[in-house]
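In: the amino acid sequence is not available; the structure is as follows:
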DNA sequence: GGCGGTTGATAAAACCTTTTATCCATCATA
DNA sequence: TATGATGGATAAAAGGTTTTATCAACCGCC
């Protein structure tokens, strides 16, 4: 079917070895005269020779391909944005280094090793690797290097992890609120997501930071956002003492924003709102959403670079790289001192949040 | 390095052929006794044999891998949403059929053929293929089947295209506006995007549908949205006759929405807004955005299925599949007759859009 | 004339699998 | 006793590349 080295060799009247040497520079004891070289190049060009990379990979056992494994790929477009960002970052770094990218999904936990060891890729990056001990040990023994690209990492890793500090991110939020004068902040969790590692880390960070700042924080300061947001509405009607809301992710934060808008509550005039995951979406809300940024793109690129490293220099000890989160301050947060000045129109609902910057202040 | 057929064969005391037959069922003239089979399976399991798919591909010249080519992959997370949807749809269909997916980017137009013909994939889907004749002819002669997954298609194709009817989508918008009583609609274009095939098709559809409905539409009914939205602001201040706005894409539509909100103009009470590309984003605006839906996910899956077809039954004649667009009606559009009733608060800007449902009505 | 060094090139093995052709028993049938 | 199936298994080629080992020829030099 395709044109092979042999075809080019025959056309140029030389051996396969000579063609291989000229076209790909391989074999150090092989020397070729200038004229022969041009003849070979001419023939290759004329026949439109394209090297068969499958054959090459078989010989060299290198594919210059990295596998990207998605634990529930399910639907990339409906899942959280950071999947896209992980893919994006990894892809950019890979392509920059002339590596190819292949995507794996739904890799059975029973056959983790097999899926990665069939010779099709030189290394793998596992996005959102679950932390089951059994899977991890299997992966650690894999024939190819594997890097986990997560948002949280186990304390005692068997694999190399690139992750970020959700707990620290949540602390930033508390600090931000505190600096703006807020003393009671509501934490909005999403139903069904509360036992993920990320969610627990964020809540932990929030709780601890509140303690350290001597801010009151009890279980009553947590509200769950479910399908019809009924709990949230209940809270809203109760005339709560909170002047700020921290939503565990940016979608929920956006929903809070809309909800506030519909109820005639002005953000940030009457209520400050912060979300987690600073994505392009945060720029599109009104007001734009203050949110914690996980440097996913950078993390993804780093994961790729770690892989290059182990491919070049052999395997390394498992390490954990933890990136700090930062806070992208936008328009949805404001100092409590400005509240009365920026409040432009009367609150339409009778039970809107009570502005009480002093209560709870030690 | 890895365990091979040979290792298993030795461990089981049989030939390579026997192992291959048992483990992969190949070779019809090969027969194996029950006991031998169990011995082989046992050995394979004990040694944790994983077949080398590179070697298999070399032999069979099938990789069960499809390449997805992105004309400017650049940055998936910053580009338009439909890239993600294309990837998502293709991936879903591929995985469902146990194909693998590999992503190519920045394939040089000089070496289109080479990049696809190196044996690494059985077929390719090209997202947003540019319509340069030269590239197309090269692709058409490619050794592997190629399908173009576009939003617009050339009239006389050399390749098989899956695309959708942007022009028809724009017409839907005009019909929707007309049915709601709107008689003057502003078309908002984005600077620097106006000569893409999609943009021209949408504008063409809009213009023609206006003509057919005897609605006035001149060059004055087009406004460009640039970085600081100054043209749009100018239009706004001019006290225009339009009661509706059609933004060429959903991001611009979202920006219009925010702009209106900031100016105290109520949507849809005072102004109806429609966007192009009904994405999850449209659910997050307030009000939710009425938008034209291109069935990208379906199109992507279809493209994959076409590829399966040609891989199974050999190449087919080039065809063009054009999907109709639909309109997702959400909260940003309302009948003009309801305008005065739903307008709840006074317009704050002095030069807001004049509500003039009758003017221009034949 | 023998030896070492250099240039130019090739043969052949290896990578691992698939698959056809072949072989050897054994058993039944004419 | 040939003949022919049939069951059970293997040898070997092919697929396209990389790479080592080898070879032939030539030159210069002691």
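Out: Perfect, thanks for sending it. For clarity, every value in this text was computed on a predicted model and none was experimentally measured.

In: distance check, the residue of the stretch 151-300 of chain A found nearest DNA strand D against residue A:126.
Out: Closest contact between the stretch 151-300 of chain A and DNA strand D, by CB to the nearest atom of the strand, is at residue A:160 (27.6 Å). Yep, even glycine has a C-beta here, placed from its N, CA and C like the rest. Distance, residue A:160 to residue A:126, by CB to CB, to the nearest Å: 10 Å.

In: what sits in contact with each of those two?
Out: Common neighbours of residue A:160 and residue A:126, counting by CB atoms under 8 Å, 6 or more residues apart in numbering or on different chains, are A:146, A:147, A:148.

In: I'd like to know which of the residues you listed is nearest to DNA strand C.
Out: residue A:146 (20.1 Å).

In: distance of that closest one from DNA strand D?
Out: Distance, residue A:146 to DNA strand D, using CB to the nearest atom of the strand, to the nearest Å: 25 Å.

In: likewise residue A:2?
Out: 6 Å.

In: does that residue sit in a helix, a strand or a coil?
Out: Going by DSSP: H, G, I helix; E, B strand; the rest coil, the secondary structure assigned to residue A:2 is coil.

In: ok so, going back, out of the shared contacts of residue A:160 and residue A:126, which sit inside strands?
Out: Secondary structure assignment by DSSP state E places A:146, A:147, A:148 of the shared contacts of residue A:160 and residue A:126 in strands.

In: okay, those residues in a markdown table with neighbour count, distance to chain B and pLDDT next?
Out: As requested, those are arranged in a markdown table below (neighbours: other CB atoms under 10 Å in any protein chain shown; distance: CB to the nearest CB, whole Å; pLDDT from 0 to 100):
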| residue | neighbour count | distance to chain B | pLDDT |
| --- | --- | --- | --- |
| A:146 | 23 | 15 | 95 |
| A:147 | 27 | 18 | 96 |
| A:148 | 27 | 20 | 95 |
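
In: possible to save those as JSON lines with distance to DNA strand C?
Out: Converted to JSON lines, these look like this (distance: CB to the nearest atom of the strand, whole Å):
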{"residue": "A:146", "distance to DNA strand C": "20"}
{"residue": "A:147", "distance to DNA strand C": "24"}
{"residue": "A:148", "distance to DNA strand C": "27"}
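
In: looking at those, which is nearest residue B:4?
Out: Closest approach between those and residue B:4, by CB to CB: residue A:146, at 22.2 Å.

In: on that earlier part again, contact partners for the residue of the stretch 151-300 of chain A closest to DNA strand D?
Out: Contacts of residue A:160 (CB under 8 Å, 6+ apart): A:146, A:147, A:148, A:306, A:316, A:318, A:319, A:320, A:321.

In: so residue A:264 versus DNA strand C, what's the distance?
Out: 68 Å.

In: from residue B:265, how far out is that residue?
Out: Taking CB to CB, one finds residue A:264 at 17 Å from residue B:265.

In: most residues in a single helix of chain A, which one?
Out: helix A:296-313 (DSSP state H).

In: mark out where each domain of chain A begins and ends.
Out: A:5-51, A:65-165+A:296-322, A:166-294+A:328-342 (automatic domain parsing).

In: which other helices and strands does the longest helix of chain A contact?
Out: The elements that helix A:296-313 packs onto, with contact taken as 3 or more CB pairs under 8 Å, 6 or more residues apart in numbering or on different chains; DSSP states H and E, are helix A:81-96, strand A:123-127, strand A:146-149, strand A:160-164, strand A:320-323.

In: and the longest one, average pLDDT?
Out: Put plainly, it is helix A:81-96. Taken as a whole, helix A:81-96 carries a mean pLDDT of 94.

In: kindly report the same for the second one.
Out: For strand A:123-127, the per-residue pLDDT values average out at 95.

In: name the residues that touch that strand?
Out: A:66-71, A:83, A:86-87, A:90, A:104, A:116, A:139, A:142, A:144-150, A:300, A:303-304, A:307, A:310-311.

In: strand partners (parallel or antiparallel) of that strand?
Out: Its sheet considered, strand A:123-127 pairs with strand A:65-70 (parallel), strand A:146-149 (parallel) by DSSP bridges.

In: from those strands, which stretch is densest packed?
Out: strand A:146-149 (a mean of 26; mean count of other CB atoms under 10 Å in any protein chain shown).

In: got a pLDDT number for residue A:300?
Out: pLDDT, residue A:300: 98.

In: so where do the strands sit in the stretch 151-300 of chain A?
Out: A:160-164, A:185-190, A:222-225, A:244-247, A:272-276, A:290-293 (DSSP state E, counting those that start in this stretch).

In: now render those strands as a markdown table, adding mean pLDDT and distance to residue A:50.
Out: Output for those, formatted as a markdown table (pLDDT from 0 to 100; distance: least, CB to CB, whole Å):
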| stretch | mean pLDDT | distance to residue A:50 |
| --- | --- | --- |
| strand A:160-164 | 95 | 36 |
| strand A:185-190 | 92 | 51 |
| strand A:222-225 | 86 | 55 |
| strand A:244-247 | 94 | 53 |
| strand A:272-276 | 96 | 48 |
| strand A:290-293 | 98 | 44 |
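
In: looking at those strands, which is buried most?
Out: With a mean of 28, the top stretch among the strands of the stretch 151-300 of chain A by mean neighbour count (mean count of other CB under 10 Å) is strand A:244-247.

In: distance of the closest residue to residue A:180 other than its chain neighbours from DNA strand D?
Out: Among residues not flanking residue A:180 along the chain, residue A:335 sits closest, at 4.5 Å (CB to CB, 6 or more residues apart in numbering or on different chains). Counting by CB to the nearest atom of the strand, the separation of residue A:335 from DNA strand D is 65 Å.

In: so residue A:335 sits against residue A:181, correct?
Out: Yes - the pair residue A:335 / residue A:181 is scored as a contact, 5.3 Å apart, by CB atoms under 8 Å.

In: quick one, which of those two is more surrounded?
Out: The neighbour comparison of residue A:335 against residue A:181 (other CB atoms under 10 Å in any protein chain shown) goes to residue A:181, with 18 against 15.

In: tell me who's in contact with residue A:29.
Out: Contacts of residue A:29 by CB under 8 Å, 6+ apart: none found.

In: 10 Å instead?
Out: Residue A:29 makes contacts with residue A:21, as judged by CB atoms under 10 Å, 6 or more residues apart in numbering or on different chains.

In: pLDDT wise, what is it at?
Out: Note for residue A:29: predicted pLDDT of 81.

In: now swap in residue A:215 and tell me
Out: So residue A:215 comes in at 92 (pLDDT).

In: next one: the one 3 residues further on
Out: In the prediction, the pLDDT value recorded for residue A:218 is 88.

In: residues of chain A that sit close to DNA strand C?
Out: A:13-18, A:21, A:27, A:29-33, A:35-36, A:55, A:58-59, A:61 (CB under 7 Å from any atom of the strand).

In: coming back round to it: output the shared contacts of residue A:160 and residue A:126 in a markdown table; the columns should cover distance to residue B:204.
Out: Shown next, in a markdown table, are those (distance: CB to CB, whole Å):
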| residue | distance to residue B:204 |
| --- | --- |
| A:146 | 51 |
| A:147 | 49 |
| A:148 | 50 |
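
In: that older thread, will you turn the strands of the stretch 151-300 of chain A into TSV that also has distance to residue B:198?
Out: What follows is the strands of the stretch 151-300 of chain A, written out as TSV (distance: least, CB to CB, whole Å):
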stretch	distance to residue B:198
strand A:160-164	37
strand A:185-190	36
strand A:222-225	37
strand A:244-247	35
strand A:272-276	32
strand A:290-293	31
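
In: picking up where we left off before, would you mind getting the angle between the longest helix of chain A and strand A:123-127?
Out: 160 degrees (axes from the mean of the first three to the mean of the last three CA atoms, to 10 degrees).

In: now do the buried residues in helix A:296-313.
Out: A:296-297, A:299-304, A:306-308, A:310-311 (16 or more other CB atoms under 10 Å in any protein chain shown).

In: and stretch A:8-16, how far out from the chain middle?
Out: Centroid separation for stretch A:8-16 versus its chain: 50 Å, with CA atoms, centre = their mean, to the nearest Å.
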